[in-house]
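Participant: need the 3D shape of this:
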Amino acid sequence: MVDLDLHWEDSLSDTGTSADDVQEFLVFNLGEEVYATPIADVRKIVAPLPLTPVPRSHPALLGVCSVRGELATVYDLRLCLGLSAPRPDDRFRVLLVEATWGEIIGFHVDDVRQVARLTEAQIEPAAEVLGSDAREHWIGVARVHGEALVLIDLTRVLREGAL
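Facilitator: Below you'll find the predicted structure:
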């Protein structure tokens, strides 16, 4: 298991914003797109682990594994979101979260980049950006140093029963 040393990025300008007004998001890549999820929801970040395949399961379900004695079901987040399958890479990581129903879920992502600190003013809510296409797992979009971050709640990605 690999623990990552994440670099903290202060994405706030010097506006006098208090720490209570700031939310921290873990920034990661899926292909060329940049996503972020609330860091409080991420229990652990690990290098890909040996997986036991689940026969006749959805293609996004990569398998199950044990992480320090806890069983985790691991999904390819790209496939969960309808994106193309990734090419194998040594930067892949698995983000472990606790789903809304209590199960430990792992999401395979292409690369973990950093932690971004955002204020509510920097976040455009999903309903405003995506309109009727907004799903429960989309939080919104934020711009940090000219780069758009798509904010996603990983604890709710599978809640909709799509897989």
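
Participant: buried stuff in stretch 100-119?
Facilitator: If you call a residue buried by 16 or more other CB atoms under 10 Å, then stretch 100-119 has these buried ones: 104-110, 112-113, 115-119. The way it works is simple: take the backbone N, C-alpha and C, and place the C-beta from them, glycine included.

Participant: now do the strands in this protein.
Facilitator: Per DSSP state E, the chain carries strands over the ranges 8-9, 22-30, 33-38, 42-46, 61-67, 70-76, 93-98, 104-109, 111-119, 123-125, 138-144, 147-152.

Participant: return the member of these having the minimum mean pLDDT.
Facilitator: For the strands of the chain, the weakest mean pLDDT is recorded on strand 8-9, namely a mean of 42.

Participant: show me what contacts residue 75?
Facilitator: By CB atoms under 8 Å, 6 or more residues apart in numbering, the contact set of residue 75 is 60, 61, 62, 105, 106, 107, 108, 157, 158, 163.

Participant: partner residues bridging the most centrally placed residue in the chain?
Facilitator: In the chain, the C-alpha nearest the mean C-alpha coordinate belongs to residue 37, at 4.7 Å (CA atoms, centre = their mean). The residues listed as beta-bridge partners of residue 37 by DSSP bridges are residue 26.

Participant: hang on, it packs against residue 150?
Facilitator: No. At 9.8 Å, residue 37 does not count as touching residue 150 under the criterion of CB atoms under 8 Å.

Participant: what sits against residue 139?
Facilitator: For residue 139, the contacting residues are 38, 123, 125, 126, 151, 152, 153, by CB under 8 Å, 6+ apart.

Participant: which one of those residues is nearest to residue 142?
Facilitator: The closest of the contacts of residue 139 to residue 142 turns out to be residue 123 (CB to CB; 4.9 Å).

Participant: contacting residues for the closest one?
Facilitator: 23, 139, 140, 141, 142, 151.

Participant: so who does the first one touch?
Facilitator: In other words, residue 23. Under the criterion of CB under 8 Å, 6+ apart, the contact partners of residue 23 comprise 38, 117, 118, 119, 120, 123.
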